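Engineer: Got a predicted structure plus its sequence, pasted below:
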Amino acid sequence: MKSFEYGDKEIGLLDISITVTSMIIGVGILMLPRELAKTVQGSDGWISMISAGILAIGVAWILAKIATHFSTQGYYAYATAAVTKPIAFAAILFLSLYFLSFCAFEVRAIANIAKQYLFETTPVEVIAFAFLMVNVYAVSGSRVGLIRLNILFIPIVLFVTVLVLLFSLGMVDVKELKPFFTTDWKSLASATKTTAFSLLGFEVILFYITMMNRPKDAPKAVAIGVLIPLVLYTSIYLVCVGVFSQLALPEITYPAVELAKEMTIPGEFFERFESIFFTIWIMAVFTTTVMAYDCTIYGLRSLFTKPKHKTWVFILSPIIYLLCMYPKNLSDFSKMSTLISYTGIVVSILFPILIHAVAKLRGVKSDAS
């Protein structure tokens, strides 16, 4: 029994589960109900969400199982032994660039939404810069401290979200959820792809596996980490359909925030609960962004060992800012989101699976025993 369990630099099953949940829960859910409503009929989006969830949990389990094979030596060393150093270098570099793009996307997304709901007269460039600076400060500290921060923030985020859902139930019109099972399979497949993109984030296990005190728990931990957002996302989607209707949802940019605006609390204790909801949700986006930032540094430091941690923090910050400011409009921003999602599937899922397959064929030393 440790005298101070959270004072060490090792993390356990709960830490990884909450970390994966924190990484997945971000700006995606704020827009996901609208994207599903554009594709499916009635409330059939839940079918796609469950399908995408089962797929994501399965892939996350496989990825975590692969990660246990390099829980001590690290992804780069394992890949180098399997597919030669140049190919391993490219694989880790692309993975790091993916996390870098992920970070930039979250910064721009939160700036766009904050401008619409909180800071209407403030330029989006200023909001993005301020949010990025907070991330720079956070990522400059201890890596294990960031993971502990997730355990502090996520219960608050989940509590406020559940509160919004509960107080919105009175506005749900069950008739809006009908008819059931009327969407064709092609539309359901398209909606499944959209939802699967929103469930990306479990790939952080490729780096954070080296910090686990019991790496064998990683598959179970990431499965739980994906399951929590899946339940939350499905609940938010169904309530949004019941409140706004499937026909109206495609016209609402951020249905989840609008849901907080429409909800009523007995006694009218809060008049603008959406501001509170969004402020709390910034905590969730913050943890997603700062971990993507941290994973970028984690990957680059395994390739370039001389620069210190803080040196990478300050080198990357202007790159992230310029990248997040690159989209000129919502169309460009949407294209950026799609590109990042496809890139993530290739570099964080397909590459590790292929590298592991080669490692098995070549009999590379594994840490899983």
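Structural biologist: That came in fine, so what should we check first?
Engineer: so how many other residues sit close to Val144?
Structural biologist: As a burial measure, Val144 scores 17 neighbours (other CB atoms under 10 Å). Backbone N, C-alpha and C define where each C-beta goes, glycine included.
Engineer: and what of Ile297?
Structural biologist: Ile297 sits with 24 neighbouring residues when counted by other CB under 10 Å.
Engineer: Could you do Lys306 as well?
Structural biologist: For Lys306, using other CB under 10 Å, the count is 6.
Engineer: residue ranges for the helices of the stretch 151-300 of the chain, please.
Structural biologist: Using DSSP state H, counting those that start in this stretch, the helices found in the stretch 151-300 of the chain span residues 185-198, 205-208, 218-244, 255-262, 273-303.
Engineer: In a markdown table, list the ones you listed along with distance to Val107.
Structural biologist: Listed next are the helices of the stretch 151-300 of the chain as a markdown table, based on distance: least, CB to CB, whole Å:
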| stretch | distance to Val107 |
| --- | --- |
| helix 185-198 | 18 |
| helix 205-208 | 20 |
| helix 218-244 | 20 |
| helix 255-262 | 18 |
| helix 273-303 | 6 |
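Engineer: Show me the one of the ones you listed that comes nearest Thr121.
Structural biologist: When these are compared by CB to CB, helix 273-303 sits nearest Thr121, at 15.5 Å.
Engineer: Please name every helix or strand in contact with the closest one.
Structural biologist: Judged by 3 or more CB pairs under 8 Å, 6 or more residues apart in numbering; DSSP states H and E, helix 273-303 is in contact with helix 13-24, helix 75-83, helix 85-117, helix 124-139, helix 143-168, helix 205-208, helix 255-262, helix 309-324.
Engineer: what's in contact with the last one?
Structural biologist: With CB atoms under 8 Å, 6 or more residues apart in numbering as the contact definition, helix 309-324 has outside contacts at 100-101, 103-105, 107-108, 111, 128-129, 132, 136, 139-140, 293, 296-297, 300-301, 307.
Engineer: If I average pLDDT within each of the helices of the stretch 151-300 of the chain, which one is lowest?
Structural biologist: Comparing mean pLDDT over the helices of the stretch 151-300 of the chain, the weakest stretch is helix 255-262, at a mean of 76.
Engineer: before we move on, back to that, got a PyMOL select line for the buried ones in the contacts of helix 309-324?
Structural biologist: Entered in PyMOL, the line below selects the buried ones among these, by 16 or more other CB atoms under 10 Å:
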select buried, resi 100+101+103+104+105+107+108+111+128+129+132+136+139+293+296+297+300+301
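Engineer: Now do the buried residues in the lowest-mean-pLDDT helix or strand in the chain.
Structural biologist: Lowest by mean pLDDT, DSSP states H and E among the helices and strands of the chain is helix 255-262, with a mean of 76. By neighbour count on 16+ other CB under 10 Å, the buried set for helix 255-262 is 255-260, 262.
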